[in-house]
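*Asks:* turn this into a model:
(one chain, ligands or ions: 2)
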Amino acid sequence: MIKADFKSGFVAIIGKPNTGKSTLMNRILGEKLSITSAKPQTTRYAVKGIWNSPQHQIIFIDTPGYLKPRYEMQEKMSRIISDSFKDVDLLIFMTQIPGFPSDYDSEVLDMIKHLRCPILAVFNKVDLVQEYDPAQFLKHLPSAVTESIFVSARTGANIEHLLERIRHFIPYHDPYYDEDQLSDLPLRFFAREVIREAIFHQFEDEIPYATAVLIERFQETPHKVVIDAMIWIERQSQKPIIIGKGGANLKRIREYSELQLTEFMQIPVEIHLFVKINENWRKKGTALKELGFN
Ligand SMILES: Nc1nc2c(ncn2[C@@H]2O[C@H](COP(=O)(O)OP(=O)(O)OP(=O)(O)O)[C@@H](O)[C@H]2O)c(=O)[nH]1
Ligand SMILES: [Mg+2]
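*Replies:* Numbers count the residues shown, from 1 in each chain. Ligands and ions are numbered 1, 2, ... in the order given. Here you go, the predicted structure:
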């Protein structure tokens, strides 16, 4: 039975890479749904996370923060962002206190100022500053921004208040998804993402950006899940780096991913990793299609 005063709606989180969009969504959901790292451009797909309460169902869309479209992949990522905020009930413009307003912030604000949905500006990483004057930040916001909130996605500071404001802006509507559903994405999506996260944490420079992960087998048995994953790299020279001495790096990626997924799925997970060179996959339409960028 649907209650008459039930609220449900879509909230997209957009903003500069590395400002903490995925960390915020995970914090609100209390689950590590979207991968995060200290490097920009960690998120590549729009990841939906569903927050349920007896009175609400709020669907968050965590989007990739993209840099200049140097590659075809980045163009596709930017399309995901604009698609994500077309039909939302609330837009969260995410930024961080250090460095605000960056050119990137100004560009995003310029892009969204004509939207009709309410816009919440979220200033993240308050934990990094001793004190600040909100007026110095707010004066850079266009009038389209409905409200602003200062938070720390890392420590949880002011997140309850943010959630209260989000609930306020969500319209009265029946739930869109089952209430025990956490995401609209299949488990194999999370398997791929966790392996990507392991790579982001373990390697510097170009490697995280030059790799892609494909799940080739996802087999659920009563007592465990077995996953075969293919890691694409762009060049021969990247192969010894990703594999490591005697396979040490690959082993670390595997162990990290098995641990994370076992916790997430509540069942033992066994992963087999394979490495393949797919030259310049970031520029190839067919390769991107295989990765799910349409
Ligand atoms: N100090 C501090 N660090 C934070 C906070 N929120 C996120 N971070 C860190 O900022 C980095 C980037 O966080 P992500 O959540 O991956 O950022 P993102 O905006 O999703 O980045 P992209 O997916 O690349 O667009 C990570 O190292 C986080 O741990 C915060 O409130 N305080
Ligand atoms: Mg992210």
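*Asks:* enumerate the residues of the stretch 101-250 of the chain near ligand 1.
*Replies:* Proximity of the stretch 101-250 of the chain to ligand 1 is confined to 124-125, 127-128, 152-154 under the rule Cβ under 6 Å from any ligand atom. Heads up, the C-betas are built off the backbone N, CA and C, glycines and all.
*Asks:* of these, buried ones?
*Replies:* Neighbour-count burial (16 or more other Cβ atoms under 10 Å) applied to those gives 124-125, 152-154.
*Asks:* adding distance to residue 269 and secondary structure, write those out as TSV.
*Replies:* Formatted as TSV, these follow (distance: Cβ to Cβ, whole Å; DSSP: H, G, I helix; E, B strand; the rest coil):
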residue	distance to residue 269	secondary structure
124	32	strand
125	33	coil
152	32	coil
153	27	coil
154	27	coil
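*Asks:* ok so, going back, tell me which two of the residues of the stretch 101-250 of the chain next to ligand 1 sit farthest apart.
*Replies:* Spatially, the most separated pair among these is 128 and 153, at 11.6 Å (Cβ to Cβ).
*Asks:* domains of the chain?
*Replies:* The record's domain parsing of the chain by automatic domain parsing lists 7-169, 187-290.
*Asks:* ligand 2: which of those is closest?
*Replies:* Distance to ligand 2, taken as Cβ to the ion, is lowest for domain 7-169 among those, at 3.1 Å.
*Asks:* now the closest one: mean pLDDT?
*Replies:* In this model, domain 7-169 has an average pLDDT of 90.
*Asks:* and for stretch 184-202?
*Replies:* On average, stretch 184-202 scores 93.
*Asks:* excluding sequence neighbours, find me the nearest residue to residue 142.
*Replies:* Spatially, and ignoring its direct neighbours in sequence, residue 142 is nearest to residue 113 (4.3 Å; Cβ to Cβ, 6 or more residues apart in numbering).
*Asks:* so what's the residue count around the one you found?
*Replies:* For residue 113, the neighbour count with other Cβ atoms under 10 Å is 13.
*Asks:* now it. Its backbone dihedrals?
*Replies:* Backbone torsions of residue 113, given as degrees, to the nearest 10, read phi -70, psi -10.
*Asks:* can you check residue 9 too?
*Replies:* Per-residue torsions, residue 9: phi -180, psi 180 (degrees, to the nearest 10).
*Asks:* can you map out the helices along this protein?
*Replies:* Per DSSP state H, the chain carries helices over the ranges 21-29, 72-84, 103-112, 134-138, 159-169, 187-202, 207-210, 239-243, 248-265, 285-290.
*Asks:* which of the ones you listed sits closest to residue 91?
*Replies:* helix 103-112 (6.2 Å).
*Asks:* need phi/psi at whatever residue of the stretch 51-200 of the chain ends up closest to ligand 1.
*Replies:* Distances between the stretch 51-200 of the chain and ligand 1 by Cβ to the nearest ligand atom are smallest at residue 65, namely 2.8 Å. With angles defined as degrees, to the nearest 10, residue 65 sits at phi -90, psi 130.
*Asks:* now for it: which residues touch it?
*Replies:* 14-19, 21, 40-41, 43 (Cβ atoms under 8 Å, 6 or more residues apart in numbering).
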